[in-house]
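Undergrad: Attaching a predicted model along with its sequence, questions to come.
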Amino acid sequence: TISVRVLRRERLVAALPATHPYAAQPQVALWDLREESFIVHSGRRDSVMFESVLGMCRASGFEPRIRHEVDETSTLVTLVAGGLGVAVVPEPVAALHLDGVVYRTLTDRGAMTALAVAHLTDRVEPHLLRAVAEIVALQVADLDLVHKGVGELVQLGHAPALAIGQLDVDDRHHARVVRG
């Protein structure tokens with residue numbers, strides 16, 4: 001059994017090239033981007049962001065035209081800045097201040113993702129429990145966690161049963177854990 005603790009929920013936003021027609025608007029609906037090429041996190045690594053973007057586009061009534069799949073968030077934002085497409089990313093990605101890209105609020109209902117910590121329930125080693133407590137404390141203090149990228153699973157320190165990543169959490173708090 002896996003224990004999952006949601007640390008915070010994050011709003012999803014549209015990452016647009018600065019020259020995009022919607023860049024001057026404060027918000028955008030996903031439907032408005034239906035004719036655009038999308039840059040997404042890779043779907044071949046069980047990326048929650050890949051599945052979230054696909055699901056949101058389909059719920060908005062269209063199949064996204066995926067131009068590029070990438071493994072790293074910084075690569076995704078760089079491709080958007082280069083005008084190669086648009087992307088949907090968690091709002092904290094906007095901290096990657098990069099010339100040529102703007103972030104706009106999505107008006108779509110449910111445009112959220114969750115950051116969570118997960119561990120095997122039957123693992124009670126002191127170092128694991130200490131690591132989980134420290135991560136939760138960091139979030140309570142509103143400090144940023146260091147992780148490889150949105151939608152990726154990351155191992156911390158010497159706690160092999162511990163992972164940080166984006167999880168797909170529904171309204172009943174059921175979570176799908178990202179696999180490494």
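TA: Yep, it's here.

Undergrad: Name the nearest residue to R65, sequence neighbours excluded.
TA: S37 (5.3 Å; CB to CB, 6 or more residues apart in numbering). For glycine as for every other residue, the C-beta is placed from the backbone atoms N, C-alpha and C.

Undergrad: So what's the residue count around that neighbour?
TA: The number of residues packed near S37 is 16, by other CB atoms under 10 Å.

Undergrad: Thought L84 was touching it, still the case?
TA: Yes - using CB atoms under 8 Å, S37 is in contact with L84, at 7.0 Å.

Undergrad: okay, and the common contacts of these two?
TA: Shared contacts of S37 and L84, defined by CB atoms under 8 Å, 6 or more residues apart in numbering, comprise R67.

Undergrad: what's the spacing between the residue nearest to R65 and V4?
TA: S37 is 34 Å from V4, where distance means CB to CB, to the nearest Å.

Undergrad: same deal with Y22?
TA: Between Y22 and V4 the computed distance is 35 Å (CB to CB).

Undergrad: just L120 next, same as before
TA: Applying CB to CB to L120 and V4 gives a distance of 11 Å.

Undergrad: Check L129 too.
TA: Note on L129: its distance to V4, by CB to CB, is 15 Å.

Undergrad: out of those two, which sits in the busier spot?
TA: V4 (18 against 14).

Undergrad: where does that one land in three-state SS?
TA: Put simply, V4 is strand when judged by DSSP: H, G, I helix; E, B strand; the rest coil.

Undergrad: and it, what are its bridge partners?
TA: For V4, the beta-bridge assignment (DSSP bridges) gives partners A118.

Undergrad: quick one: it and V117, what's the gap?
TA: Taken as CB to CB, the span from V4 to V117 is 7 Å.

Undergrad: ditto for L12
TA: 20 Å.

Undergrad: OK, contacts around the residue nearest to R65?
TA: R65, I66, R67, L84, G85, V86.
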